[in-house]
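Chemist: Here is a sequence together with a model predicted from it:
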Amino acid sequence: MRIDILLARMASRLQEAGSPSPRVDAEALAMHVLGVDRAWLYTWGDRHWAVWQRARFEALVAARCQGQPIAYLTGEREFWGLALATSSCTLIPRPDTETLVEAALARASSVQGDLLDLGTGTGAIALAFASERPEWQVTGVDIAAEAVELATRNAQRHGLHAQFLVSDWFTALSGQRFDLIVSNPPYIDGEDPHLRLGDVRFEPRRALVAADKGLNDIRRIVDQARRHLREGGWLLVEHGYRQAEAVRSILEQHGYHQVTSIADLGGNDRVSLGCSGDVV
């Protein structure tokens, strides 16, 4: 069967299954199976599928119809222009998180420094920062060894200088200080109905959900980060679009200065941050 004909059929199947972007999904899966880019797909659509390619493509479409995320099916997601390997042991990097990277870069004015990424997952935030500030020392930590291995592979893939460690937040970082600490921690309330929708149904719950209406891990990070920030260093935390006021309050209660929030591309406050003073 011709590539373009089967592609159209699978896009229709995905539409019937409720995919919000059936054609884009079908093309992404086809490009993955064929090992080609979108230009090739449109230029050579009159070519035919090999038997094994068609079988693999249809199997992936069937999995997508069941809701499996495209990033897990292809094993890859682009973030900050970097093609990053993904797996079901980590969250899927999302465009909103680029707001956190931009905010960190804006506060990394010196040529050299030290950045820590807490709960690094695929390494997306750490590696995006490292790609823009190659003279900085970048460290990412995650409680999951599988995530640390994945982030390390992503760094090697792009030749970026960053180290990744297994750590429950700061437990493996005794005595270490940083100029910037960034994190996209779990911040969803366990009762949030959105956990039953979309890609998050398949993502690791430990990386999504936190107690205390989603604020428990943020409270831990804000408290402990003061002992790991250099004077004048910044803590930047991603959070839910309704949590900005609560997170700013937590930062202020723990003695951070210049506390503010930054909106994402959708206009929702997505990142809150504060500057450290003297650490006691």
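Modeler: Structure received.
Chemist: Show me the contact partners of the helix or strand hosting residue 6.
Modeler: Following DSSP states H and E, one finds residue 6 within helix 3-16. By C-beta atoms under 8 Å, 6 or more residues apart in numbering, the surrounding residues in contact with helix 3-16 are 22-23, 25-27, 29-30, 34, 41, 44-49, 54, 57-58, 61, 64-65. Placement of C-beta: from N, CA and C, glycine included.
Chemist: Among those residues, which lie within strands?
Modeler: Counting by DSSP state E, no part of the contacts of helix 3-16 is found in strands.
Chemist: Only the buried subset of the residues you listed, as a PyMOL command please.
Modeler: A single PyMOL command selects the buried members of those (16 or more other C-beta atoms under 10 Å):
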select buried, resi 22+25+26+27+29+30+34+41+49+57+58+61+64+65
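Chemist: For the longest strand seen in the chain, give the mean pLDDT please.
Modeler: Ranked by residue count under DSSP E, the longest strand found in the chain is strand 229-238. Strand 229-238 shows a mean pLDDT of 97.
Chemist: distance between the next helix or strand after it and the chain's centre?
Modeler: Going down the chain from strand 229-238, the next helix or strand is helix 244-253, by DSSP H and E. Helix 244-253 sits 23 Å away from the centroid of its parent chain (C-alpha atoms, centre = their mean, to the nearest Å).
Chemist: buried stuff in helix 244-253?
Modeler: In terms of neighbour count (16+ other C-beta under 10 Å), helix 244-253 has its buried residues at 244, 246, 247, 248, 250, 251.
Chemist: contacting residues for the residue found closest to residue 208 once you drop the neighbours it is linked to in the chain?
Modeler: Spatial nearest neighbour of residue 208, excluding adjacent residues (C-beta to C-beta, 6 or more residues apart in numbering): residue 188 at 5.0 Å. Counting by C-beta under 8 Å, 6+ apart, residue 188 touches 194, 195, 200, 208, 209, 210, 214, 240.
Chemist: By neighbours, which of those wins?
Modeler: Compared across these, residue 214 has the highest neighbour count, 23 neighbours, by other C-beta atoms under 10 Å.
Chemist: what are the phi and psi angles of it?
Modeler: Main-chain dihedrals, residue 214, degrees, to the nearest 10: phi 90, psi 0.
Chemist: I'd assumed residue 242 was in contact with it.
Modeler: No: using C-beta atoms under 8 Å, residue 214 is not in contact with residue 242, being 9.4 Å away.
Chemist: what does the average pLDDT come to for stretch 94-102?
Modeler: For stretch 94-102, the mean confidence score works out to 96.
Chemist: Mind listing what's buried along that stretch?
Modeler: Buried-residue list, stretch 94-102, by 16+ other C-beta under 10 Å: 96, 97, 98, 99, 100, 101.
Chemist: before we move on, the earlier item: could the contacts of residue 188 be laid out in TSV, adding distance to residue 126?
Modeler: Shown next, in TSV, are these (distance: C-beta to C-beta, whole Å):
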residue	distance to residue 126
194	26
195	26
200	22
208	20
209	23
210	21
214	23
240	22
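Chemist: Among those residues, name the ones in strands.
Modeler: Members of these lying in strands (criterion: DSSP E): none.
Chemist: Helices - which of the residues you listed land there?
Modeler: Here DSSP state H is the test, and those give residue 214 as lying in helices.
Chemist: Correct me if wrong: residue 236 contacts residue 180.
Modeler: Yes: Residue 236 is in contact with residue 180 according to C-beta under 8 Å; the separation is 7.1 Å.
Chemist: Overlap in contacts, the two.
Modeler: Common neighbours of residue 236 and residue 180 (C-beta under 8 Å, 6+ apart) are 104, 107.
Chemist: re earlier: closest to residue 121 among the buried residues of helix 244-253?
Modeler: residue 247 (19.8 Å; C-beta to C-beta).
Chemist: element containing the residue nearest to the closest one when sequence neighbours are not counted, please.
Modeler: Counting by C-beta to C-beta, 6+ apart, residue 247 lies nearest to residue 272, which is 4.2 Å off, once chain neighbours are set aside. Assessed by DSSP H and E, residue 272 sits inside strand 269-275.
Chemist: Can you list the buried residues in that strand?
Modeler: Neighbour counts over strand 269-275 (16+ other C-beta under 10 Å) mark 269, 270, 271, 272, 273, 274, 275 as buried.
Chemist: circling back to that earlier point, who does the residue nearest to residue 247 bridge with?
Modeler: In this entry, residue 272 is beta-bridged to residue 237, residue 261, by DSSP bridges.
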